[in-house]
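> Any chance you can model this:
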Amino acid sequence: MATHGDRLLRIYMTDQLALGVLWREIARRASNSSNGTPEGAALQRVAAAISDDVALFEQMMRRLGFSTRSPKSMLAVVAERLGRLKLNGHIISRSPLSRFEELDFLLMGIDGKVVLWQNLRDGAGLGERLPDINFGYLIERARSQRAELEPFHAQAAQAALS
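From the prediction side, this is the model:
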């Protein structure tokens, strides 16, 4: 029988999975939009790592006995698709604001991922329950993803906002 803490952990992880799916989709879109550039290569690496993180997260959920099938994750994909319809000052060409907002959102997601891994390791005690998961590595990998995108984010901010 699931404990109250496990029920709350399942809800938290389901919510976080939906966010991970959303960030994965945005990373893929940003990568495709910048294909063939140094920024696109960095985004492709980050998108692949986010995809790996989502897969690992789903594996962790299954190991804990939690379902990974949730309407929230499906809604995250729908929300990303609807977000493409948002007008950013350009009708035919890609707006510099779109590039900036995608990078901005990805950095927020990566920062959130650091907090997520820490919460799961320390707050939920998954460092002990899932000892084969190297949360320290996942935290450092997220920080390196942020560092890889920061220069492109700064360039995009300047192009869009100044």
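
> Can you get me a residue count around residue 65?
9 (other Cβ atoms under 10 Å). Yep, even glycine has a C-beta here, placed from its N, CA and C like the rest.

> okay, and the helix or strand of this structure with the least pLDDT?
Within the chain, no helix or strand scores below helix 71-83, which has a mean of 67 by mean pLDDT, DSSP states H and E.

> After that one, which helix or strand is next?
Downstream of helix 71-83, the next assigned helix or strand under DSSP states H and E is helix 96-118.

> what about residue 23, neighbour count?
Using other Cβ under 10 Å, residue 23 is surrounded by 25 other residues.

> What distance do you get for the residue nearest to it when sequence neighbours are not counted to residue 25?
Excluding the flanking residues, the one nearest residue 23 by Cβ to Cβ, 6 or more residues apart in numbering is residue 109, at 3.8 Å. Distance of residue 109 to residue 25, given as Cβ to Cβ, to the nearest Å: 11 Å.

> so what's the residue lying closest to residue 114 once chain neighbours are set aside up against?
Computed as Cβ to Cβ, 6+ apart, the closest residue to residue 114 that is not its neighbour in sequence is residue 142, at 4.8 Å. Taking Cβ atoms under 8 Å, 6 or more residues apart in numbering, we find residue 142 in contact with 53, 110-111, 113-114, 117.

> Take those residues and write them to a markdown table, including pLDDT and distance to residue 128.
Converted to a markdown table, the contacts of residue 142 look like this (pLDDT from 0 to 100; distance: Cβ to Cβ, whole Å):
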| residue | pLDDT | distance to residue 128 |
| --- | --- | --- |
| 53 | 97 | 21 |
| 110 | 97 | 26 |
| 111 | 97 | 25 |
| 113 | 96 | 21 |
| 114 | 97 | 20 |
| 117 | 98 | 15 |
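
> How far does the helix or strand containing residue 137 sit from its chain's centre?
In this structure, residue 137 sits in helix 135-161 according to DSSP H and E. When distances are taken as Cα atoms, centre = their mean, to the nearest Å, helix 135-161 is centred 12 Å away from the chain's centroid.
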